[in-house]
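Visitor: Give me the fold of what follows.
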Amino acid sequence: MQLWTKKHTPKNSKETTYNSAAVEELKNFINDCKGGCALIYGPTGCGKTSAVYALANETDYEVLELNASDFRNKAAIESIIGNAAKQMSLFKKGKILLIDEIDNLSGTKDRGGAQALAKIISESAWPVILTANNPDVEKLKNLKKKSTLISFEGVETNCAYNVLKKICEAEKIIFDEEELKKIANNCGGDLRGAINDLQSLCEGKKRLEKGDASVLGERDYERKLNEALTIVMKSRNVKDVLGVFDQVDVDIDEIILWEDENLPREYVAEDLAGAYESLSRADVFRGRIRRWQHWRFLVYIYGLLSVGVALAKKEKNKTFLSYKRSSRILKLWIAKNRNAKKLAIAGKIAKKTHRSKKKVIQQDIPYLKKVFENEQGGEIAKELELNEEEIEWLSNSS
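Guide: Below you'll find the model as predicted:
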């Protein structure tokens, strides 16, 4: 099935009804430019890349799209991007060299990467367009000096609604107007996300019915939590940080898990140790509330999770990050499933022998595995009433 984000991408500048001023500025850059570079920046899903393709289609330019995260050293940049900047387009009037997510350009493995790209830009016969979510990272400092900066904003709710409505009409989707508005409102300026949401809700049917959009609340909650974490991780201003979690409808356990997952991506060395010290102290207070119901400790927990973590760093990490949900619960679930058969077998043996599962796992399971690996456990399996999966686990487990 073709993604609607691709199928309904704007074909020309007239169809890009959002960020029209930025699109016009980019159009002028392409039309007036004989080489040079534009850095277009803005939040995810605001139409940066689609605007480039729409304008290329309008001006009969070929787009050569590359992703900055694929180039991990100076040599790769010079070989791939450098050659592309010098080659003619075979079938079009000209070409646009589009380098997506330039803020993901490696800044540690080879510090010459950004400088090499700046040199290529100055020598390119074709316009070079860079895209970024956050242009204010240190490694882009020199590139910004050589670039025309064009800012894209998140797509407004009304504009997102009009685009979604147009797609519904093209796909012959019968839609509930309020549900469509919920999708547009929930996207937080990310039009690509809204279109993907619409497609997922309409998959296998031709109707968007009342209540369908209720499942999208999770994305809004994660967006708000990401925004709160960004303030904590990037700021040292107590006024900015204090009370940052008050606007996020999420419990303390969830905040602790998110911070635990993402702190190592933001902090290093002493800063990381200090942040985890605040996190662990918050956990101590959480335990006291659970044991003694001392809810007056709640203010200390929120203070440690916000101000405590924020002030643990000497300076902020200038790399822009999108935070992710904690994987700890998933890891525990995987580990539990991995050991489920062992525990089930141990439970059956413990019941027969009147011993604890712990002792059975330590003393009996290793012996039984050897027996079953040698295909000598038939009678034991009958006696313990083991099923086929449990027998297979004993026979194959190393």
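Visitor: just the strands in the stretch 1-150 of the chain please.
Guide: If DSSP state E, counting those that start in this stretch is used as the criterion, the strands of the stretch 1-150 of the chain fall at 37-41, 61-67, 94-100, 128-132, 148-151.
Visitor: which of the ones you listed is buried the deepest?
Guide: strand 128-132 (a mean of 27; mean count of other CB atoms under 10 Å). Any C-beta I mention is one placed from the backbone N, CA and C, and that applies to glycine too.
Visitor: Could you tell me which strands that strand is paired with, and in which direction each runs?
Guide: Next to strand 128-132 in the sheet, as set by DSSP bridges, lie strand 37-41 (parallel), strand 94-100 (parallel).
Visitor: Any idea which of those strands gets closest to Thr5?
Guide: Shortest separation from Thr5 across these is recorded for strand 94-100, at 14.4 Å, computed as CB to CB.
Visitor: coming back round to it: Throw the strands paired with strand 128-132 into a markdown table and include distance to Glu203 and mean pLDDT, thanks.
Guide: Listed next are the strands paired with strand 128-132 as a markdown table, based on distance: least, CB to CB, whole Å; pLDDT from 0 to 100:
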| stretch | distance to Glu203 | mean pLDDT |
| --- | --- | --- |
| strand 37-41 | 32 | 90 |
| strand 94-100 | 27 | 84 |
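Visitor: Mind checking the ones you listed for the one nearest to Asn185?
Guide: When the strands paired with strand 128-132 are compared (using CB to CB), the closest one is strand 37-41, at 24.3 Å.
Visitor: can you map out the helices along the stretch 201-350 of the chain?
Guide: With helices called from DSSP state H, counting those that start in this stretch, the stretch 201-350 of the chain shows them at 217-234, 238-241, 252-266, 269-292, 298-303, 309-311, 328-338, 340-353.
Visitor: how about stretch 135-145: buried residues?
Guide: Neighbour-count burial for stretch 135-145 flags 135, 137, 139-140, 143-144 (criterion: 16 or more other CB atoms under 10 Å).
Visitor: can I get those residues in TSV with distance to Ile99 and pLDDT?
Guide: Converted to TSV, the buried residues of stretch 135-145 look like this (distance: CB to CB, whole Å; pLDDT from 0 to 100):
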residue	distance to Ile99	pLDDT
Pro135	13	79
Val137	15	73
Lys139	14	71
Leu140	12	76
Leu143	10	80
Lys144	14	83
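Visitor: Closest one to Ile120 out of these, please.
Guide: Using CB to CB, the buried residues of stretch 135-145 come closest to Ile120 at Leu143, 10.7 Å.
Visitor: ok, and the closest non-adjacent residue to Ala51?
Guide: Counting by CB to CB, 6 or more residues apart in numbering, Ala51 lies nearest to Val23, which is 5.0 Å off, once chain neighbours are set aside.
Visitor: show me what contacts the one you found?
Guide: Counting by CB atoms under 8 Å, 6 or more residues apart in numbering, Val23 makes contact with 13, 16, 47, 51, 54-55.
Visitor: 7 Å - rerun?
Guide: With contacts defined as CB atoms under 7 Å, 6 or more residues apart in numbering, the neighbours of Val23 are 13, 16, 51.
Visitor: so which of these is the most crowded?
Guide: Across the contacts of Val23, the neighbour count under other CB atoms under 10 Å reaches its highest value at Ala51, namely 26 neighbours.
Visitor: Take the buried residues of stretch 135-145 and write them to JSON lines, including distance to Tyr300.
Guide: As requested, the buried residues of stretch 135-145 are arranged in JSON lines below (distance: CB to CB, whole Å):
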{"residue": "Pro135", "distance to Tyr300": "38"}
{"residue": "Val137", "distance to Tyr300": "34"}
{"residue": "Lys139", "distance to Tyr300": "38"}
{"residue": "Leu140", "distance to Tyr300": "40"}
{"residue": "Leu143", "distance to Tyr300": "44"}
{"residue": "Lys144", "distance to Tyr300": "42"}
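Visitor: Closest one of the residues you listed to Ala125?
Guide: Distances from Ala125 to the buried residues of stretch 135-145, taken by CB to CB, are shortest for Leu143, at 18.6 Å.
Visitor: wouldn't that closest one be in contact with Ala116 here?
Guide: No - between Leu143 and Ala116 no contact is recorded; they are 10.8 Å apart, counting by CB atoms under 7 Å.
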